[in-house]
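Q: Sequence first, then the predicted structure, then my questions.
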2 protein chains.
Amino acid sequence: MDEKVYTLSKEIDKDLINNNLSETERNAIANQLKELLPEDTIVLAQTNPVSGDLKGNAQKALKWIKWAQRIGAKAIIFPEMYLIGYPIGDFIDRFPLIVEENIEWLKALAHHVTGNTKVIIGFAEFNKEKYGKKYYNSIAVLSEGKIERVIRKTLLPNYAEFNDYRHFEPAEVNSAERITNIGHQKAGIIVCEDGWNDKDFFDKNLYKIDPVLAVVEEQNPDYLINCSSSITRAKKEQLKHNMLSFAAKKYKTPIVYVNQTGSGECMSFEGASRVYDRTGRLIAMAKSYQEQFFIVSPEKGGEINFLPNGLEKTLTEQKAFTLDHEPDLERTYLTITQSIKDYFKKTGFKRAVLGLSGGLDSTVSAVLLADALGAQNVFGISMPSKITSAESKNDARELAQNLGINFTEISIKDMYDSTRAKFDEVFANIEQNWDGRYKESFTNDNIQARSRALILWGVANEFGSCLPIATSDKSELYMGYATINGDMSGGFAPLADVSKTKLFALAKWLNKNRSTQNAIPESIIKKRPGAELAINPKTGKPLLAEEALMPYEFLDEVIWRVENLQQTIGDMMQEEFLHEKHMKEQNTPVTQEQKLQWLQKFFKRMSTSFYKWTIMPPSPIVDARSINKTEYRQPIISSRINYHKTSFEDKLKELDTNKL
Amino acid sequence: MDEKVYTLSKEIDKDLINNNLSETERNAIANQLKELLPEDTIVLAQTNPVSGDLKGNAQKALKWIKWAQRIGAKAIIFPEMYLIGYPIGDFIDRFPLIVEENIEWLKALAHHVTGNTKVIIGFAEFNKEKYGKKYYNSIAVLSEGKIERVIRKTLLPNYAEFNDYRHFEPAEVNSAERITNIGHQKAGIIVCEDGWNDKDFFDKNLYKIDPVLAVVEEQNPDYLINCSSSITRAKKEQLKHNMLSFAAKKYKTPIVYVNQTGSGECMSFEGASRVYDRTGRLIAMAKSYQEQFFIVSPEKGGEINFLPNGLEKTLTEQKAFTLDHEPDLERTYLTITQSIKDYFKKTGFKRAVLGLSGGLDSTVSAVLLADALGAQNVFGISMPSKITSAESKNDARELAQNLGINFTEISIKDMYDSTRAKFDEVFANIEQNWDGRYKESFTNDNIQARSRALILWGVANEFGSCLPIATSDKSELYMGYATINGDMSGGFAPLADVSKTKLFALAKWLNKNRSTQNAIPESIIKKRPGAELAINPKTGKPLLAEEALMPYEFLDEVIWRVENLQQTIGDMMQEEFLHEKHMKEQNTPVTQEQKLQWLQKFFKRMSTSFYKWTIMPPSPIVDARSINKTEYRQPIISSRINYHKTSFEDKLKELDTNKL
């Protein structure tokens, strides 16, 4: 397509956000475009709806539809479930009004669909059959003031954070119903997961039926449209590309893929809507992580926006744990900043307050918040206790200055002392009736963490539109190395799915790639992590996290193996870890005893951390798998699971009836 | 059956718990029983497994199996998924080892299955087909040292807290495979939800297939066995009874229903295993809320244990909101105390610490904890601030004395003062950079609630096996009238699914029905609820909750209508509330304006409370529906939902393109 199309479409994108053009200016742009556009032009409405905001979503849709009509596009295509907006959780179950209303809004939108531009848009529909779940996950084709047809989703994902099968009845494929004429072409419509079940592409298929196969073989469409709300994940970009390209080539049929952008709580959609030609070649690709009025031709394609810098590097498969996090860092950065931005915007918050300890977690959190919300909307508070080093205080202050965020420092010593005095009194009383007082406990460590959270929540109570931030990272959450009502408490947890070794890499990447370079003081990145809540009696210095836990390089590989390979202690003892390799190279090999001890410690600490996972605030999901409670749920009472395999003989011994 | 059977079976129940009999004593009991038991005797193993504790569950099963063999029972039948133990959450997905191991344990158990006693037991199985989900939810029939057959569940519930369809592939019915010979009889096996899809019983069916119909019509079994893990709910007892009785009568086939007991986090199983004869008559029923080695004959029945006092009264349908909570109070009491007991036991905790405010929530919590854990294992701490009345302090102390729980009183005044001083300093700094400081805020109220939680978590950090308790109730959680890191923080929340009016009824019921009568001081029940965190400027007295919210009688009916009738503001404006009726009777009618204002306040406050729901600790689910996050999930970002229906004309106006 002519380069000029892309320039003009950027004007449309701006107008859709800022409403900055007059009707005359709009028509001028539209007229120029009409000259340039091919006959089969369609628009991929890569939009960011707000969950439950039917009016807002409908109004936005209409603005986009009007633009598609102006430029004479044959169709404008919105993502799956656009009108209600993913995620829907369970609210359509408790409030059927929402579904009634989304149908009314759909009809009201249809009033505005005139001329030759069809509108293809996701919504929820009642199931009126005598059996089955209450709703269908559907796509409406609007044409000439009416609902021309409705296509219902057949394959309903119910894994990870997807719960489609909870609410929706799987529809029969009915391939004839899925065909609509767009201009002179016949398009076949499929809905997200409907396109994810190719028996030649996947080793194992989740479903028996393949709607793509049925539509192509029975209807022979000129091209396929996939209306999606598909999430971003580490390495998923590769899978998406391979799968869509494979299907287009296999069926010799172009595929037009429309995806949502924006974040809804823990779900992040990366956009990147696109077109593949009948040879499987990518011939158009929208931008990632932003809304775009994306003008394409199913035959000729359109602009190809390269994936953000770094993202294309994820198009290689990851088969082993690596410390080379670089290929995934820009995607990680964009996912988290979009997630912060949208969580605040969609819930009506504007500002964030967080504790700045001079450590890595709060530092990276502050950078991401500043980028997502604007530096003026972030307040960093340094809250030293008597253990806090002068270096940490300086680092926190320097970071805030570099970022241009608001900053204040306040000692928590008085709060700690008055709480500690109260504790002495309470504990003395309790000890009169209860035994089991620990000789060593985390009580003092936790007073510090909880006093800090008390201040942050106080600020949020006192100042409007402000949320406190929980800074815990993924490695530490796996280990339960985070304080309830302390550092793991807040309104949002940006780093909950970022492991520590990746966090170090991200800090370096931020220093190199942000417009303000080196905002993070070098000393913060060089420092070995520690909560600065307790003194190590052996060294007389604040206890380091790796002393309390295990080397992060090892820990992060255990996490990676659990999440990606579903490995157990036995499996992991059989394989060499990267950390083992590195230690061997340094002539300080890790013994098998040490390795087993770390692994046992991992599973034991993980087992006692399930509770913490369930009370974590919302957080973006970044890795392929996570412990985010919307994606993964492990019952707290399952802490007696034995993660060792035992032999059959041992089992028979445990079932010795003489001993039972 | 002979009364003596019931007496002897109680000895077996005791031995299964305490291991108190010698082998000789066991054989003596068995020999007596053999004389008395009918030819077709079977045992319903109403057990309480621990989620993930494969070894423990297998060892327990073996003890039960041995007893069934001793008395010469033709079969012993365990609940669905017994070996792994509900709830399974997602852990079988992340740790396939658990499923591998549960199969090995099953085989090890089979080694002990000798003679004429078959074992029917729930477990998880791998799906080895080329398509579908990873596992089957299966029942094994063990016979003569081997796995005779496996029955796979067909209907997989995926609503409320059930997530079967996430992990399990729905199996073909295959009725022939579901038949096993037990003694001279042919039994057909179905698995829980398989039995919940009768097209003549339900108005609308969730699934197309009816496995019961297939098994009965194609195989004509002598009786049906339903292996279940079925939860308790308000009014569900009635549904269960009606449905099972209906099916037995319809098919002229006795039904043997085996249910799990015990609680797994938020899921509570009430046991009450039973037998219906071919006319639909209940001819045997096990106890509720306890394990029982339940000896029955599918033809002749067995002991009928009446439902706990009060529970049988729930066998009437509830069509409208009522303040007559009495019929559901004993079930409520048993569900919550079982839930506390099992949560503590299964997670390895023994003791609870809670704040005693002299208010209703903490009072009822303390009673339930004392009954569940033993008074010596409960510590109540009165933590007055300057607002706390002398009456509240006395009430707290008196309650503790009556219950015999541990008690101490400690003023939080110093903690409050030092925090408040720190806040002044912080806020002054922040105000230099940020506008939007509230003139009125909850900051001071929250310091009190959070200082108290700080003390409770401190106790839990300092003393072994101890959990702090969150005391928030359901009505207040709907209104967000609970403090993050304050009264809604803890390791367990016993009252999170009990509304305020029901809580008053429960308090009175406890005073009447516990062995120690009137443990709750009358003044606590008479007092109108208020958090005692702030002073009402109009009255100069602590602000009452109903002044801040709305009358509880009205609020609880709104909640009931939302959960049970899925009503919206419009629906509710059309119907008369109980509170309206009462006010009319008192000649102080509620105006329509007032009603609308309360309803709008309800939905507005609810919309800003979603976050609090997601970070609530585990709690028992008691009502038919709840806001417990394992049962109901509403995205926090859905706060822009409009709970009013708008007209089509209004929608067209909102889509006026001139204004967009």
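A: Right, received. Where do you want to start?

Q: and residue A:639, how far is that from residue A:629?
A: Separation of residue A:639 from residue A:629 (Cβ to Cβ, to the nearest Å) stands at 16 Å. In short, each C-beta sits where N, CA and C put it, glycine included.

Q: Over to residue A:655?
A: Distance from residue A:655 to residue A:629, by Cβ to Cβ: 36 Å.

Q: Let me know the secondary structure of residue A:180.
A: Classification of residue A:180 by DSSP: H, G, I helix; E, B strand; the rest coil places it in strand.

Q: export stretch A:291-300 as PDB, just CAs?
A: Taking Å, rounded to 0.1, in the frame of the first residue of the first chain, the C-alpha atoms of stretch A:291-300 are listed here in PDB:
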ATOM      1  CA  GLU A 291      -4.700   1.200  19.900                       C
ATOM      2  CA  GLN A 292      -4.600   1.500  16.200                       C
ATOM      3  CA  PHE A 293      -7.000   2.100  13.400                       C
ATOM      4  CA  PHE A 294      -5.300  -0.400  11.100                       C
ATOM      5  CA  ILE A 295      -6.000  -0.100   7.400                       C
ATOM      6  CA  VAL A 296      -5.300  -3.300   5.400                       C
ATOM      7  CA  SER A 297      -6.200  -5.200   2.300                       C
ATOM      8  CA  PRO A 298      -6.600  -9.000   2.900                       C
ATOM      9  CA  GLU A 299      -4.900  -9.600  -0.400                       C
ATOM     10  CA  LYS A 300      -2.200  -6.900  -0.500                       C
END
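
Q: That one near chain B at all?
A: No - using Cβ under 8 Å from any Cβ of the partner chain, stretch A:291-300 stays clear of chain B, coming no nearer than 14.9 Å.

Q: could you give the mean pLDDT of that stretch?
A: For stretch A:291-300, mean pLDDT is 97.

Q: got it, and stretch A:157-171?
A: 95.

Q: and it, how far apart are its ends?
A: 13 Å (Cα to Cα, to the nearest Å).

Q: where does the residue nearest to residue A:638 when sequence neighbours are not counted land in three-state SS?
A: Distances taken as Cβ to Cβ, 6 or more residues apart in numbering or on different chains put residue B:52 closest to residue A:638, at 3.6 Å, once the chain neighbours are dropped. Secondary structure, three-state DSSP: residue B:52 is coil.

Q: For residue B:52, give me its contacts.
A: A:635, A:637-641, B:84-85, B:88, B:91, B:98 (Cβ atoms under 8 Å, 6 or more residues apart in numbering or on different chains).

Q: again, only this time at 7 Å
A: Residue B:52 is in contact with A:638, A:640-641, B:84-85, B:91, B:98, counting by Cβ atoms under 7 Å, 6 or more residues apart in numbering or on different chains.

Q: Can you identify the element that follows the lowest-mean-pLDDT helix or strand in chain A toward the C-terminus?
A: Least confident element among the helices and strands of chain A, by mean pLDDT, DSSP states H and E: helix A:545-548 (a mean of 90). Past helix A:545-548, further along toward the C-terminus, the next helix or strand under DSSP states H and E is helix A:552-565.

Q: Sweet, I'm off.
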